[in-house]
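Engineer: Any chance you can model this:
(one chain, ligands or ions: 1)
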Amino acid sequence: MVHAAGALDDATVTALTSEQLRAVLRPKVDAAWNLHELTEDLSSFVLFSSAVGVLGNPGQANYAAANVFCDALAHVRRDAGLPATSLSWGLWEGGGMTGHLDENDLATLSRSGLLPMRPEAALDLFDTAMARDLVHAVPAWLSPVPGLSVLRDLLPDPDSERSPIPVTGKGAPGEAGSGGEEHDPAARFAAMDPEERSRSLLREVREHTAVVLGHRAEAGSEVDPDRPFTEQGTDSLTSVELRNRLSAAVGVRVPATAVFDHPNPRALARFLTGLLTPELPAPEGRTGQDRTTTPPGTDGDGDAIDSMGVDELVNLALRGPSV
Ligand SMILES: NC(=O)c1ccc[n+]([C@@H]2O[C@H](COP(=O)([O-])OP(=O)(O)OC[C@H]3O[C@@H](n4cnc5c(N)ncnc54)[C@H](OP(=O)(O)O)[C@@H]3O)[C@@H](O)[C@H]2O)c1
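Structural biologist: Numbers count the residues shown, from 1 in each chain. Have a look, this model is predicted:
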């Protein structure tokens, strides 16, 4: 018996409605429990669960809970001497639940450490789990780069004894090659002369913009410094990702709204200069005129956006301005 039913209805945890919980728990919790109660004399009882239950994923608290129930049910059944295997799948390539994901969505997931598996490879993992009679396995392809968000600090950083692992992985755009300053990027930028700092920060912004748009960092030279981010392909989610990457890369906390308030790479780099060197007078154009756009669906209410946290920004991306 293979239980493979599942449904998604994403929202951040504070915005989840009972209907959204019910819709996602029903095919997993209710259905798996009914099968557990109503079946007997089975040679195998396999639950298709998800790595989201083990690793978490923004906007999928209901789905994570539903899958963890399946994982726990496998243990309960084994304890009762019944067959059970729960497989917390990573990302399958191709249709199904992830069929709606476009190239950008898949690139975002890949950057978070979760790589799509070819169905044949996934089925090999299925066979392995069954052959080894595992009660719970996480058949998933995960990027080995330490510090990627889905793995957080689960993997040790081979280059450092520090813990937790820094958010930027080895080889991240703009990362210093060696020496102590690589661990204190803010100090590295602050020590530069103003022209070099401006150039480096603009390069940093363009490289990270290229990455969140699904390209290699080297493509940063093709990111137009004066064209609005939104016209170059960013949306609410990639803007939040860009802000997170820049926070890690420059070593200061970049406000959640920075990418909206300073809507092109040059304006954002100027803003970063201000964050890194607050004691210096603002260069021309650093404030005021940078704010020319707001996230989609906010009716230009910049103050409301300024007060939003990451959760609310992710909600905006998922459902529009419902809060
Ligand atoms: N695709 C992935 O990358 C991935 C990753 C991790 C885990 N998984 C797990 O693998 C399983 C299969 O996923 P998939 O990608 O093949 O998704 P899918 O094509 O959307 O299949 C989900 C199935 O669940 C059924 N279902 C939904 N709600 C139901 C309900 N209330 N009662 C009975 N059946 C219901 C659907 O039936 P209808 O077609 O009739 O609606 C559909 O056949 C799911 O359990 C999912 O959580 C998938």
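
Engineer: Per-residue pLDDT of residue 135, please?
Structural biologist: At residue 135, the model reports a pLDDT of 98.

Engineer: isn't it right up against residue 78?
Structural biologist: Yes. Between residue 135 and residue 78 there is a contact under CB atoms under 8 Å: 4.9 Å. (Each C-beta comes from the backbone N, C-alpha and C, glycine too.)

Engineer: Residues that sit against both of these two, list them.
Structural biologist: residue 84 (CB atoms under 8 Å, 6 or more residues apart in numbering).

Engineer: what residues are up against residue 189?
Structural biologist: 197, 200-201, 250-251, 276.

Engineer: got it, and residue 121?
Structural biologist: residue 141.

Engineer: what helix or strand does it sit in?
Structural biologist: helix 119-131 (DSSP states H and E).

Engineer: Can you say which of the contacts of residue 189 are buried?
Structural biologist: Buried members of these, scored by 16 or more other CB atoms under 10 Å, are 197, 200-201, 250-251, 276.

Engineer: Can you tell me which of those is nearest the ligand?
Structural biologist: Using CB to the nearest ligand atom, residue 250 comes nearest to the ligand of those, at 34.4 Å.

Engineer: how close does that closest one sit to residue 213?
Structural biologist: 19 Å (CB to CB, to the nearest Å).

Engineer: again, but for residue 221
Structural biologist: Counting by CB to CB, the gap from residue 221 to residue 213 is 13 Å.

Engineer: how about the contacts of residue 189 in JSON lines, adding pLDDT, distance to residue 30 and secondary structure?
Structural biologist: JSON lines is the format used below for those (pLDDT from 0 to 100; distance: CB to CB, whole Å; DSSP: H, G, I helix; E, B strand; the rest coil):
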{"residue": "197", "pLDDT": "95", "distance to residue 30": "58", "secondary structure": "helix"}
{"residue": "200", "pLDDT": "96", "distance to residue 30": "55", "secondary structure": "helix"}
{"residue": "201", "pLDDT": "96", "distance to residue 30": "52", "secondary structure": "helix"}
{"residue": "250", "pLDDT": "92", "distance to residue 30": "48", "secondary structure": "helix"}
{"residue": "251", "pLDDT": "90", "distance to residue 30": "48", "secondary structure": "coil"}
{"residue": "276", "pLDDT": "91", "distance to residue 30": "53", "secondary structure": "helix"}
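
Engineer: Stretch 1-9 and the ligand in contact?
Structural biologist: Yes. Using CB under 6 Å from any ligand atom, stretch 1-9 reaches the ligand at 4-7.

Engineer: Which residues does that stretch contact?
Structural biologist: In contact with stretch 1-9 (CB under 8 Å, 6+ apart) are residues 19-20, 23-24, 26-28, 31-32, 35, 39, 42, 44-48, 50, 60, 62-63, 66, 70, 97.

Engineer: Quick one: the helices in the stretch 201-323 of the chain, in order.
Structural biologist: 229-232, 236-250, 258-261, 265-276, 302-306, 310-319 (DSSP state H, counting those that start in this stretch).

Engineer: do the same with the stretch 1-150 of the chain
Structural biologist: Under DSSP H, counting those that start in this stretch, the stretch 1-150 of the chain gives helices at 18-25, 31-38, 52-55, 61-79, 103-111, 119-131.

Engineer: burial measure for the residue of the chain at minimum distance from the ligand, as a count.
Structural biologist: Taking CB to the nearest ligand atom, the ligand has its nearest neighbour within the chain at residue 96, 2.4 Å off. By the criterion of other CB atoms under 10 Å, residue 96 has 11 neighbours.

Engineer: now the one 5 residues further on
Structural biologist: Summarising burial for residue 101: neighbours were counted as other CB under 10 Å, giving 14.

Engineer: circling back to that earlier point, quick one, which of residue 221 and residue 213 is more surrounded?
Structural biologist: The residue with more neighbours, out of residue 221 and residue 213, is residue 213; 18 against 10, by other CB under 10 Å.

Engineer: nearest spatial neighbour of the more buried one, skipping sequence neighbours?
Structural biologist: residue 233 (4.9 Å; CB to CB, 6 or more residues apart in numbering).

Engineer: That neighbour - how many residues pack around it?
Structural biologist: Residue 233 has 14 nearby residues by other CB under 10 Å.

Engineer: separation between it and residue 268?
Structural biologist: If you go by CB to CB, the gap between residue 233 and residue 268 works out to 15 Å.

Engineer: Up against the ligand, what does the stretch 51-200 of the chain have?
Structural biologist: So far as CB under 6 Å from any ligand atom goes, the stretch 51-200 of the chain lies against the ligand at 89, 91-92, 96-98.

Engineer: Go through these and say which is closest to residue 109.
Structural biologist: Nearest to residue 109 among these is residue 91, at 6.1 Å by CB to CB.
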